[in-house]
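K.L.:
Sequence plus predicted model, see below.
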Amino acid sequence: MLVSGDSGWGSRRDTRCWEDAGVHLWSQPNSEEDTGFLEVTVSDMKHPPPELGPMPEGLSPQQVVRRHILGSIVQSERSYVDSLKRILQDYRNPLMEMEPKVLSARKCQVVFFRLKEILQCHSMFQIALASRVAEWDSAEKIGDLFVASFSKSMVLDVYSDYVNNFTTAMSLIKKACLTKPAFLDFLKKRQMASADRVTLYGLMVKPIQRFPQFILLLQDMLKNTPKGHADRLSLQLALTELETLAEKLNEQKRLADQVAEIQQLSKSISDRSSLNKLLSSGQQQLLLCETLTETVYGDRGQLIKSKERKVFLLNDMLVCANINFKGQLEISSLVPLGPKYVLKWSTALPQVQVVEVGQESGAYDKDNIVIHNAGAKKHAPSGQASHNKVYLGPPRLFQELQDLQKDLAVVEQITLLISTLHGTYQNLNMTVAQDWCLALQRMMKVKEEEIHSANKCRLRLLLPGKPDKSGRPISVMVVFITPNPLSKISWVNRLHLAKIGLREENQPGWLCPDEDKKSKAPFWCPILSCHMPAFSSKALDLQLGAAVHNPVQSSLLGFSAVSTSLPQGYLWVGGGQEGAGGQVEIFSLNRATPRTVKSFPVSSPVLCMEYIPEVGEGELAGTQEPRPTTEQQPASPHPTVCLGLRDGSIAVYGSVDTGTQCLLTCKSPGMQPVLCLRHSPEYLFAGLQDGTVAAYPRTNGGLWDLAEQPTRLAVGTGPVRALLTLDETLWASCANQVTVLDATSLCTQQTFEAHPDAEASVTHMIKAGSGVWMAFSSGSSIRLFHTETLEHLQEINIATRTTFVLPGQKHVRVTSLLICQGSLWVGTDQGIIVLLPVPRLEGIPKITGKGMVSLNGHGGPVEFLAVALSTLAPDVLKGDQEEEEEGQEEKPPELDGPPPREMRKKGILLQYRLRSTSHLPGQLLSVREAPVGDSPAHTEEDGSIYEMADDPDVWVRSRPCARDTPRKEISSVAIISGGRGYRNFNTESPRRGSDADSTLLIWQVPLML
């Protein structure tokens, strides 16, 4: 079971231990801030800091690494405690004792709030750490110490107070620097006197960074701790405790920063304005704010001016402000300076439109559009604009693309005419004419890529302006340059979701049963984007069985479409009619709302589905016998979707892009209904009604060998309702038991009881980190088991959450489970969906928070929960500068001189070796690329080189260095639930269950950047 709660500091039992060890504890009731915490003095004489002794001989390489990591933990903790002592001894104490005071005692209390308590926590942790270090070579245990030390509410309380107060403390220091020269002088002297020259800010930010550092060290320790080691479960639990703590502190810091930003913004607005009242009401949520560069273009697309603005996206409005850094900039090295804002404009969110270059035609009425600050055009007469090519912007690119399209139409007509020629001519034949067409098509592709590149960091917003004299509505175009492509994606995504968030069903969409009765959902919560019928056929009453996402990258999607559409690919939904046939409906998700692309009948209702990606080389390697190198590896088939049907059929279909043809079909042994499907690199496993698992091996072609009799694995007498592939094992459930089998040899390893009630069959198993959550056919509990020791770690009663929405309903059953991006989704038989926070790292996925309950659900049971997830292609996230840098890095080493013109970025060679026309002016039309090794000399026969103008690189100033941070994967995520009907629990809508149509609800999760 989990470590019990009273094993940290502060319990009575511990107090005796500490006093025996020479640590004196007393309460401090008469201090200025009566905290109720214990004051502790730790004697360095009695408790020397932890010290790791010499390394014994005969250690395994892993033990050596673990010892080094322990050394890092000891060293970083000592350094941290020294920093905390420095803040108190070098800054707080002198300021309190100074006469005359440069900072009042009350302000000192605010600036250094809770630092003494944080130091006490870590001084005591150091004592416990010292004893662990002393016995390390015999015991090798440290995980439980972290659990005991950092699971205490006292730690969360003191750190929360510190984090919440941090912004206030910094603004106090900043104000004192500006108004009291003696204080500024004191800070400078202290910094110069220190050996490492770290500022007070640099020291005070360390508590905020402490837990992320611990997490990295413990992750390293866990990687080097083998399975079965006594410290392994403790380390996983410790990782969970620290991640939970860090998450809570991050969220509090984010909220504190949000409040500070809104306060700073409201200061720039007159007290009487309605916007000020809105901001002061506390109802506004800040979703995103960033410094963007506003740019103004002339009529020919040339850049006229650019200026930095702070743009705020609130939950219902967009606000733009000028940035004003006034005051002594010399103090910015000591404490971060917050700018002052001057409000420029604000607009209600529903009236803001994102308009991409090249997508203008359908977006608005061109006659009524005024380019923002277009008055600036007079500064650049049109005559000059044509010479100023460096700054030509995307409007010109789009015009050039249209010109190429027109030219292609003309060349196609010429080609038709050439085809009617009777004679044969060297330079006027169909080969040449088709080459022209191909060349123009390639030039168009290049132009489209340029437009795409220009869009990567250009955010164009259409806002409502003041009507003109005739009362005609006028819109205004504002163009911002974002620091990088990721920022652009983030803005488009958040603007899109914030608008959806204003719909009635999302006001509110979630109920947060918190202690403080605030029902405001956090900014990252999933937003219901649509609900729709699951099947296009209205004639049949079809029940839902399963759904699965088949991810497909679409290169055709524009830059903004990636940010606003659902995760790319196809959603397969299966079901059927009791006692009759089945149906499969396939939806395309490459848009903001799904669209049916195909539906087809199957012989019997669909009970389960499994998506099987292409066989990667890594999957095949090591899973088959070593083969001689002369023999060809089997060709990897395309991704497939497997269906398990009630009549015992298993059908394997190709993906939509390959025509969804049925590749294989077979009947299960004994025609038993197929209740669940899972795959491993070597087998397709089917859980059957009669208590067996059928294992179908892969053939050399990479598909499953359904013709051969499968290996039958007896698990029990009842139906096998859930399967889970886990590392090298397969978990199969039968009644209240779970059997763990080796996924390669198919031998049973062990069986364990998942629920004390024999009637409670395991219906769902889902893995996260080092744990598996299970749901059951009866009762309202879900249970957590450790993947390695199979220990039962936690039990959660879902009914305590659902009563917030449906009071008095005690009998709740869990009908579906899903884990995605730090959230456990639980679907119930009442149609209610509960969202519980779980850690994302490789620790134990314990539920630590209250979670949220969705106010949007189904009229009947939630039949399934599915996730659609696609990763944004890395090239989408690259800025032009990075692409150029990478291009330079990949340059062949033998080129010492400047690269030949053919190899230049953004230049494309259109070659056609025609001696007779090479002296003529104009672009030579040819589709052939230049061979890379060619001489850079521009010879007469080479035709001409067509070079593209560079895109304006006006956003260099604010871009961080590409190599500073490793690029993480950005995933687009949607959650799909299926059940009878749609119900909003906010309104008193009647419960429609059995008579309602099968319905899909789709939630979008904001892109996590």
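P.N.:
Happy to help now that I have it. Since this is a predicted model, take the numbers as computed values, not measurements.
K.L.:
Assumed Thr420 was part of a strand.
P.N.:
No - Thr420: not assigned to a strand; according to DSSP: H, G, I helix; E, B strand; the rest coil it is coil.
K.L.:
Distance-wise, check it relative to Pro464.
P.N.:
55 Å (CB to CB, to the nearest Å). Heads up, the C-betas are built off the backbone N, CA and C, glycines and all.
K.L.:
the more surrounded of those two?
P.N.:
Using other CB atoms under 10 Å, the more surrounded residue of Thr420 and Pro464 is Pro464, with 14 against 6.
K.L.:
And for the nearest residue to that one once chain neighbours are set aside, the neighbour number?
P.N.:
With CB to CB, 6 or more residues apart in numbering as the criterion, Pro464 has its nearest non-adjacent residue at 4.9 Å, and that residue is Gln351. When neighbours are defined as other CB under 10 Å, Gln351 has 13 of them.
K.L.:
Kindly report the same for the one 4 residues further on.
P.N.:
Taking other CB under 10 Å as the criterion, the count of residues near Val355 is 18.
K.L.:
you'd agree it is up against Leu459?
P.N.:
No - contact criterion CB atoms under 8 Å: Val355 and Leu459 do not qualify, at 9.7 Å.
K.L.:
What is the least confident helix or strand in this structure?
P.N.:
In the chain, no helix or strand scores lower on mean pLDDT, DSSP states H and E than strand 945-947, which sits at a mean of 24.
K.L.:
following that strand, which helix or strand shows up next?
P.N.:
Using DSSP states H and E, the helix or strand that follows strand 945-947 in sequence is strand 971-980.
K.L.:
For that next one, could you pull out the residues that count as buried?
P.N.:
With burial defined by 16 or more other CB atoms under 10 Å, the residues of strand 971-980 counted as buried are 972-980.
K.L.:
Can you tell me which helices and strands that strand packs against?
P.N.:
Contacts defined by 3 or more CB pairs under 8 Å, 6 or more residues apart in numbering; DSSP states H and E place strand 971-980 against strand 543-550, strand 814-820, strand 823-828, strand 862-871, strand 998-1005.
K.L.:
Can you name the helix or strand that Gln191 falls in?
P.N.:
Using DSSP H and E, Gln191 falls within helix 181-193.
K.L.:
and that helix, what does it pack onto?
P.N.:
Secondary elements touching helix 181-193 (3+ CB pairs under 8 Å, 6+ apart): helix 153-179, helix 200-204.
K.L.:
and the first one, average pLDDT?
P.N.:
Per-residue pLDDT values over helix 153-179 give a mean of 87.
K.L.:
Quick one: distance of it to the chain centre.
P.N.:
Here helix 153-179 is found 29 Å from its chain centre; the criterion is CA atoms, centre = their mean, to the nearest Å.
K.L.:
residues near Glu57, how many?
P.N.:
Neighbourhood size, Glu57 [other CB under 10 Å]: 5.
K.L.:
for Thr199, same thing?
P.N.:
Per other CB under 10 Å, the neighbour tally for Thr199 reads 16.
K.L.:
what's the answer for Lys469, then?
P.N.:
Neighbours of Lys469 (other CB under 10 Å): 5.
K.L.:
same deal with Tyr425?
P.N.:
Tyr425: 9 surrounding residues under other CB under 10 Å.
K.L.:
That one falls within a helix, correct?
P.N.:
No - Tyr425 is assigned coil when assessed by three-state DSSP, not a helix.
K.L.:
need the contact list for it.
P.N.:
Going by CB atoms under 8 Å, 6 or more residues apart in numbering, Tyr425 touches no other residue.
K.L.:
Was I right to think Asp690 contacts Met671?
P.N.:
No - assessed by CB under 8 Å, Asp690 is found out of contact with Met671, at 10.0 Å.
K.L.:
Please compare these two by neighbour count and tell me which comes out ahead.
P.N.:
Higher neighbour count among Asp690 and Met671: Asp690, with 17 against 11, using other CB under 10 Å.
K.L.:
For the more buried one, give me its contacts.
P.N.:
670, 672, 719.
K.L.:
Now restrict those to buried residues only.
P.N.:
Going by neighbour count (16+ other CB under 10 Å), those have 672, 719 buried.
K.L.:
Low-confidence ranges, the stretch 851-1000 of the chain, go.
P.N.:
Along the stretch 851-1000 of the chain, the parts satisfying pLDDT under 70 run over 873-969, 988-995.
K.L.:
now swap in the stretch 551-700 of the chain and tell me
P.N.:
Checking the stretch 551-700 of the chain against pLDDT under 70 turns up 553-562, 615-637, 658.
K.L.:
Strands along that one, start to end?
P.N.:
570-576, 582-588, 595-602, 606-612, 640-645, 649-654, 662-667, 674-679, 683-688, 692-697 (DSSP state E, counting those that start in this stretch).
K.L.:
helices and strands around the longest one, which ones?
P.N.:
Under the contact criterion of 3+ CB pairs under 8 Å, 6+ apart, strand 595-602 touches strand 570-576, strand 582-588.
K.L.:
Next, the angle strand 662-667 makes with it.
P.N.:
Strand 595-602 runs at 40 degrees relative to strand 662-667, counting by axes from the mean of the first three to the mean of the last three CA atoms, to 10 degrees.
K.L.:
Buried residues, strand 595-602. List them.
P.N.:
So strand 595-602, judged by 16+ other CB under 10 Å, has buried residues Val602.
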